[in-house]
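In: I would like the atomic coordinates for the input below:
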Amino acid sequence: MTEKPGIISIRNVSRRFGTVTAVHTVSLEIGEGEFFALLGPSGCGKTTLLRMLAGFESPTEGEIVIAGIPMLGVDPNRRPVNMVFQSYAVFPHMTVEQNVGYGLRVTGVARAEAAERVKEALSLVKLGGFEGRMPSQLSGGQRQRVALARALVKRPKVLLLDEPLSALDAKLREAMQIELVRLQKTVGITFVIVTHDQDEALSMANRIAVMEAGRVRQVAAPADLYEFPNSRFVAGFIGKLNLFEGRVAGVQDGKLALDIKGLDRIAVPFDGHASGEIAIAIRPEKLRLDRQPSAADRIGVRGRVSEVAYYGNESHVYLKTDDGTSVTANVPNSARSTRPTIVVGDELWASWDAADTLVLTE
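Out: Residues are numbered from 1 along each chain as shown. Sure, this is the predicted structure:
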């Protein structure tokens, strides 16, 4: 993916709290007009990094530049950013209109201009006509929209979002994901979102930085992260996978030959360099289940069904091989039937195309 001109430059930034390093030598370029996600488990440093962009924390080392201006010593209220918090932080004693216009009033924006900008911001988040309502009269999704409007009304160059959808139920969260993408495209400014939810990041962001223990492990577009992860951590965090351990056996017909526990020697496409201990992974949706041995041109393993989990649109089938290896396959429920085609105890072959194999050297 071609990067747009950077509006945010994070250069060798670290943040320590006593003996604990929350962010460790992070360097990132975030493009103008980009929807960028910081993704990782709790405690990985993503929120600390976002707070440094906002000015609520200061780097112990390194430099942050926003819109061409170094941010060292620049107070939060003087930065070209605004932040939407996980808790919304909507004032309960103010109407929707008063909440959205609060930041304009305290900075002395003329009343007529403020009223016009509030109207525009509420229209963007589809809350026109809600001006006189109190927060107690709104749903969780509507309160989140108020918080977004209040951030957008100040027309920042960058909008920072700290787990903005985590308090919403699953169906509303999915609807708000679509709304945030629409909103970002409409206003055209840079969005930086912090989330621990891989589906949220994959469905919304142009690019994602995956963080672990204060470090950025990989930065890529969603599809590249999912299909070409650079490590076991990224592969496991972005989606589900079946992991097999083994060793490199050499090169065979231009492919990487591997001796993998529970499988015969296999050969898979691989562009990089690999030697010694290695792991391969396969996504559950890439597996095909058959009652007969796999075709010779596919990699396959035999197992017995230990569990079937039904999810409506698909079922997750769990197999155990003779050597105790666990294998999971996602099977679409394409036929309208209440009678399962696969049951516990069935003996099946799980197979996949060699090209779908993830080779993980880290």
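
In: Could you use CA atoms for every contact and neighbour count after this?
Out: Fine.

In: got the domain boundaries for this protein?
Out: 6-236, 241-360 (automatic domain parsing).

In: Which SSE is immediately downstream of the longest helix seen in the chain?
Out: Of all segments of type helix in the chain, defined using DSSP state H, the longest is helix 170-187. As assigned by DSSP states H and E, the chain's next helix or strand after helix 170-187 is strand 190-195.

In: related to what we said a few turns ago, out of the domains of the chain, which one sits most buried?
Out: Mean neighbour count, computed with mean count of other CA atoms under 10 Å, is highest for domain 6-236 among the domains of the chain, reaching a mean of 18.

In: Show me what the longest helix of the chain is packed against.
Out: helix 198-204 (3 or more CA pairs under 8 Å, 6 or more residues apart in numbering; DSSP states H and E).

In: Can you list the neighbours in contact with the helix or strand following the helix it packs on?
Out: Counting by DSSP H and E, the next helix or strand C-terminal to helix 198-204 is strand 207-212. Applying CA atoms under 8 Å, 6 or more residues apart in numbering, the contact partners of strand 207-212 are 34-41, 44-46, 201-202, 216-222, 234.

In: Try it again at 7 Å.
Out: By CA atoms under 7 Å, 6 or more residues apart in numbering, the list of residues contacting strand 207-212 from outside reads 35-40, 44, 46, 201, 216-222, 234.

In: and if you look at stretch 304-313?
Out: With CA under 7 Å, 6+ apart as the test, stretch 304-313 has contacts from 315-321, 332-333, 343-348.

In: Now with 10 Å, please.
Out: The set of residues external to stretch 304-313 that reach it, using CA atoms under 10 Å, 6 or more residues apart in numbering, is 315-322, 326-335, 340, 342-349.

In: how far out from the middle of the chain is it?
Out: Relative to its parent chain, stretch 304-313 has a centroid offset of 26 Å by CA atoms, centre = their mean, to the nearest Å.

In: All further residue positions should be reported with the first residue as 239.
Out: All set: I'll call the first residue 239, so the last point we hit is now stretch 542-551.

In: what is the mean pLDDT for that stretch?
Out: Stretch 542-551 shows a mean pLDDT of 91.

In: Just the C-alphas of that stretch, formatted as CSV.
Out: Extracted C-alpha coordinates of stretch 542-551, given in CSV (Å, rounded to 0.1, in the frame of the first residue of the first chain):
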residue,chain,number,x,y,z
ARG,A,542,-11.2,-37.7,14.9
VAL,A,543,-13.8,-35.1,15.7
SER,A,544,-13.7,-34.2,19.4
GLU,A,545,-16.1,-31.3,19.3
VAL,A,546,-18.4,-29.3,17.0
ALA,A,547,-19.3,-25.7,17.9
TYR,A,548,-22.3,-24.3,16.0
TYR,A,549,-22.3,-20.5,15.2
GLY,A,550,-25.2,-20.2,12.8
ASN,A,551,-23.4,-19.1,9.7
